[in-house]
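K.L.:
Sequence and predicted structure, then a few things I'm wondering about:
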Amino acid sequence: MHILITGGAGFIGSHVVRHLLNTYPSYTITNLDKLTYAGNLANLKDVDGSPNYRFVKGDITDAAFLAKLFAENRFDGVIHLAAESHVDRSIASPVEFVLANVLGTVNLLNAARVSWDGDFEGKRFYHVSTDEVYGTLGREGMFTETTPYDPHSPYSASKASSDHFVRAFSDTYGLPVVISNCSNNYGSCQFPEKLIPLFINNIRHGKPLPVYGKGENVRDWLWVVDHARAIDVIYHQGKSGETYNIGGHNEWTNIDLIKLLCGIMDRKLVREPGTSASLITYVTDRAGHDLRYAIDASKLQRDLGWVPSLTFEEGLEQTVDWYLSNQEWLDEVTSGAYQRYYEEMYAGR
Ligand code: NAD
Ligand code: TYD
């Protein structure tokens, strides 16, 4: 079995690469990543020397490069995670999201279609997507696999578009596809532009914690390793053409989550209780900010037997421990271009 994983140097992708290498030593894993600001080979240094692992630097928007890669390799499957993934950046630079997420996905679908040439026996194209394609919920209800798409940010619109192309390649060419839509992930190696690692890093430096709006938006958080486990189960046992929602039944308002995180950080850094929370600063809300996401993952639990392995309190504690024991990782990724990003994103708020 030779699987191509795209975006394997990113946050979730690196956990998927590690999980598959550890679980299936007989598989060959090729990790294709452009190494954007979010891609970091340090995320994979523990598996880097594995004989059945190979890294290829490349860009999924480059169709000629993909055609060559697929001609030189006989991939049995593709697990596609490469994407621009941050909502705030998509508001600042929407076109980059169309290129990477829409064009990149169509190029990859096309390369797989041409390479497999109608012989789909044992083949699989797995597209990793997000619950944000469903739009926003009010106070009640949950997203199911049949919730109509209603994206609001350039990021979620580009992911919705890529999902449609994946289904179009299944309907038109018979490509054996499977899609999953997952809720917000947290864990080690997440780039500190997303809420949890950004706030851990700011607390470390005693910097303000910029809470958008009133902090009342709700997200449904899942430990990244549980997402990687779900991807494994769906890749191997999911039905072709199907969609699976992935989530941990774990809804938190941003402000409650931030207060929990602040308490953990005070304890771990041996600071007076309340020290971290005193950094909370309410700032101008994100444009088009979705109020609430919540995933109904009962199909995945019922059909494929997947359940999350950790409570949020355990997972968050472990996550804080990882960032505090890997401060050089945080220092490395927050040097250079990150400072400019932070200034541009937060200065006027
Ligand atoms: P990430 O930003 O940490 O990693 C993305 C990776 O893709 C990086 O390594 C980057 O270098 C690579 N990449 C970007 N553009 C590329 C291109 N043109 N060619 C090749 N590689 C490219 O993102 P993540 O949080 O790990 O998300 C991975 C996937 O999971 C994305 O498709 C995202 O939409 C989806 N997802 C993320 C979450 C979440 O909470 N982070 C939740 C649900 C779904
Ligand atoms: P984020 O981690 O960017 O994920 P997403 O937008 O994909 O859900 O943000 C999670 C929530 O935290 C979201 O409601 C926006 C909010 N948020 C802040 O309040 N302040 C911040 O600095 C960031 C990055 C996010």
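P.N.:
Sure thing, it's come through. Ligands and ions are numbered 1, 2, ... in the order given.
K.L.:
Quick check: residue 261 vs ligand 1, distance?
P.N.:
Distance from residue 261 to ligand 1, counting by C-beta to the nearest ligand atom, to the nearest Å: 16 Å. Placement of C-beta: from N, CA and C, glycine included.
K.L.:
again, but for residue 312
P.N.:
14 Å.
K.L.:
and that residue, how many neighbours does it have?
P.N.:
Using other C-beta atoms under 10 Å, residue 312 has 20 other residues around it.
K.L.:
Spatially nearest residue to it (excluding sequence neighbours)?
P.N.:
In this structure, residue 312 finds its nearest non-sequential neighbour in residue 250, 5.0 Å apart by C-beta to C-beta, 6 or more residues apart in numbering.
K.L.:
Would you mind naming what in the stretch 51-200 of the chain lies close to ligand 2?
P.N.:
Residues of the stretch 51-200 of the chain lying near ligand 2 by C-beta under 6 Å from any ligand atom: 87, 184, 194-195, 198.
K.L.:
Is ligand 1 within reach of the helix or strand containing residue 110?
P.N.:
Element membership of residue 110, judged by DSSP states H and E, is helix 104-116. Yes. Helix 104-116 is in contact with ligand 1 by C-beta under 6 Å from any ligand atom, via residue 104.
K.L.:
which residues in the stretch 201-349 of the chain form strands?
P.N.:
209-212, 218-223, 243-246, 251-253, 280-283 (DSSP state E, counting those that start in this stretch).
K.L.:
How many neighbouring residues does the residue in the chain that ligand 1 sits nearest to have?
P.N.:
As assessed by C-beta to the nearest ligand atom, ligand 1 sits closest to residue 10 within the chain, at 2.1 Å. Residue 10 sits with 26 neighbouring residues when counted by other C-beta under 10 Å.
K.L.:
Would you tell me which residues of the stretch 201-349 of the chain are close to ligand 2?
P.N.:
Neighbours of ligand 2 within the stretch 201-349 of the chain, by C-beta under 6 Å from any ligand atom: 210-212, 217, 219, 254, 286.
K.L.:
Make a markdown table from the residues you listed and add neighbour count and pLDDT to it.
P.N.:
Shown next, in a markdown table, are these (neighbours: other C-beta atoms under 10 Å; pLDDT from 0 to 100):
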| residue | neighbour count | pLDDT |
| --- | --- | --- |
| 210 | 19 | 98 |
| 211 | 19 | 98 |
| 212 | 18 | 98 |
| 217 | 20 | 98 |
| 219 | 20 | 98 |
| 254 | 18 | 98 |
| 286 | 15 | 97 |
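K.L.:
so can I have TSV of those showing distance to residue 345?
P.N.:
Shown next, in TSV, are these (distance: C-beta to C-beta, whole Å):
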residue	distance to residue 345
210	9
211	14
212	11
217	17
219	19
254	17
286	10
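K.L.:
can you name the two of those that are farthest apart?
P.N.:
210 and 219 (15.9 Å; C-beta to C-beta).
K.L.:
For residue 222, see how far away residue 68 is.
P.N.:
Distance, residue 68 to residue 222, using C-beta to C-beta, to the nearest Å: 36 Å.
K.L.:
So which of those two has more stuff around it?
P.N.:
More crowded of residue 68 and residue 222, by other C-beta under 10 Å: residue 222, with 27 against 13.
K.L.:
wait, the more buried one sits on residue 246?
P.N.:
Yes. Counting by C-beta atoms under 8 Å, residue 222 touches residue 246, with 6.8 Å between them.
K.L.:
From what I see, residue 243 and residue 177 are in contact.
P.N.:
No. Contact criterion C-beta under 8 Å: residue 243 and residue 177 do not qualify, at 9.6 Å.
K.L.:
Nothing else from me, thank you.
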